[in-house]
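A.B. asks: got a structure for you, letters missing:
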């Protein structure tokens, strides 16, 4: 089991630098602007920001520096609606590219990239984020300005940064990110993270821990119209060739967990009823409703401790990945059309030989690609599933052992009782 250790004595002990709206700027330990404090900060320093609203952006946090809010502190990044694409795409409220900590802050963004952009490290860095709120108010004003003024590319409506995220993260080899008691809100992606290509083997995989956090997506496009789905959590794989891990513990997520590209992350969570989808968020300037990417890597699935159990095959036949599973003796066996519907337990997530154990999805949502037998079928929301004589799934409105939900997810009712 992976555990996170929370302590903010991460760096060498340094100075305490104060930022307050009524500061005396005559010395180098107290400032009115966060940007001025950051100019003199060095590794080990802590910048204490006192209550108030600070209208700043492009705040580059030096290596090893901690930003701490004292009282109610908001760092409000905002650019004008007529801002150029070049400036908007490359401006976030805070840039956190090295070791660093954020505590007790509200960070917002409007007409720009992210409230916090955490990327471009050299690897093996640690960031700890606690009791913070990150809100992207969207780039709709910029979009409407360009639409009204019919501006041309590269500053046209199709050039506006579309995949707005409250947290935009990129990981290099050995990077560790710890989030606790944080809130993320955005029109599209509340929390977004990606790894990078071919991690350095010396540092190894990255690790991200997200505990007791809330992720809210409004599911609205730049024109204010609903997208038809919400993607509060977006994970993009750029083929790091290492087993990067993401742990979600006791989090609230108001929509889909979206994977862009065939996943290389291992994802562990205990969020019941979490839906997944592939490649819906697209790139920064696109929203693409594409599914089917999961077929390239069926061995990958979210390790949800509330919805998956490791059970022993007590039957005489191998249960292939994606086949139906029934209760049998003290474990499981392959289910076929000869069995009663009430015997259905779930879906095999791995090939399970007789006498061996494997993962079974017994509750929650699972993409249709994981169900053997549905590969060439057109399924629609509201349809019911049954099982054929081979143990594969089929459309069957009489048996009703699982229900087709939105965006090719299938709902498995909890069948774990008495197991």
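C.D. replies: Alright, I've got the coordinates. A quick note: this is a predicted structure, and the numbers were derived from the prediction, not measured. Numbers count the residues shown, from 1 in each chain.
A.B. asks: Domains in the protein, by residue range?
C.D. replies: As given by automatic domain parsing, the domain ranges for the chain are 58-304, 308-412.
A.B. asks: just checking, which of the ones you listed sits deepest inside the structure?
C.D. replies: With neighbours taken as mean count of other C-beta atoms under 10 Å, the domains of the chain reach their highest mean count in domain 58-304, at a mean of 20. The C-beta positions use only the backbone N, C-alpha and C, and glycine is treated the same way.
A.B. asks: coming back round to it: Serialize the domains of the chain to TSV and add fields for distance to residue 28 and mean pLDDT.
C.D. replies: Output for those, formatted as TSV (distance: least, C-beta to C-beta, whole Å; pLDDT from 0 to 100):
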stretch	distance to residue 28	mean pLDDT
domain 58-304	15	92
domain 308-412	55	94
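A.B. asks: now for the ones you listed, which one comes closest to residue 47?
C.D. replies: Nearest to residue 47 among those is domain 58-304 (5.2 Å), distances taken as C-beta to C-beta.
A.B. asks: Quick one: end-to-end distance for the closest one.
C.D. replies: Between the start and the finish of domain 58-304 there is a gap of 37 Å, counting by C-alpha to C-alpha, to the nearest Å.
A.B. asks: One more: stretch 359-372?
C.D. replies: When the termini of stretch 359-372 are compared using C-alpha to C-alpha, they are 15 Å apart.
A.B. asks: One more: stretch 103-114?
C.D. replies: The straight-line separation of the ends of stretch 103-114 (C-alpha to C-alpha) is 18 Å.
A.B. asks: Using CSV, lay out the domains of the chain together with distance to residue 29.
C.D. replies: Written out in CSV, the entries for the domains of the chain read as follows (distance: least, C-beta to C-beta, whole Å):
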stretch, distance to residue 29
domain 58-304, 15
domain 308-412, 53
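A.B. asks: Which of those sits closest to residue 33?
C.D. replies: With respect to residue 33, and counting by C-beta to C-beta, the nearest of the domains of the chain is domain 58-304 at 9.5 Å.
A.B. asks: Distance from that closest one to the middle of the chain?
C.D. replies: The chain centre lies 7 Å from the centre of domain 58-304; the measure is C-alpha atoms, centre = their mean, to the nearest Å.
A.B. asks: ditto for stretch 337-349
C.D. replies: Shown here is stretch 337-349, whose average C-alpha point lies 32 Å from the average C-alpha point of the whole chain (C-alpha atoms, centre = their mean).
A.B. asks: Give me the residues contacting that stretch.
C.D. replies: 301, 308, 311, 319-327, 332, 335, 358-363, 366, 370-371, 386-389, 399-401, 412, 415-416, 419 (C-beta atoms under 8 Å, 6 or more residues apart in numbering).
A.B. asks: do stretch 37-51 as well
C.D. replies: Stretch 37-51 has contacts (C-beta under 8 Å, 6+ apart) with 11-21, 28, 31, 34, 59-73, 75, 99, 105.
A.B. asks: what is residue 266 paired to in the beta sheet?
C.D. replies: Residue 266 forms beta bridges with residue 245, as assigned by DSSP bridges.
A.B. asks: Pull the contacting residues for residue 19.
C.D. replies: Residue 19 neighbours (C-beta under 8 Å, 6+ apart): 30, 31, 32, 33, 34, 37, 47, 48, 49, 50, 54.
A.B. asks: out of those, which are inside helices?
C.D. replies: With helices taken from DSSP state H, the overlap with these comprises 34, 37.
A.B. asks: could the contacts of residue 19 go into JSON lines alongside pLDDT?
C.D. replies: Compiled in JSON lines, the contacts of residue 19 are given as follows (pLDDT from 0 to 100):
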{"residue": "30", "pLDDT": "93"}
{"residue": "31", "pLDDT": "96"}
{"residue": "32", "pLDDT": "96"}
{"residue": "33", "pLDDT": "97"}
{"residue": "34", "pLDDT": "98"}
{"residue": "37", "pLDDT": "96"}
{"residue": "47", "pLDDT": "97"}
{"residue": "48", "pLDDT": "98"}
{"residue": "49", "pLDDT": "98"}
{"residue": "50", "pLDDT": "98"}
{"residue": "54", "pLDDT": "98"}
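A.B. asks: first vs last residue of stretch 81-98, how far apart are they?
C.D. replies: Looking at stretch 81-98, the gap from its leading to its trailing residue is 30 Å under the measure C-alpha to C-alpha.
A.B. asks: Start at 489, not 1
C.D. replies: OK, 489 is where the count begins now, so the last one is stretch 569-586.
A.B. asks: So residue 639 belongs to a strand, correct?
C.D. replies: No: with DSSP: H, G, I helix; E, B strand; the rest coil as the criterion, residue 639 is located in coil rather than a strand.
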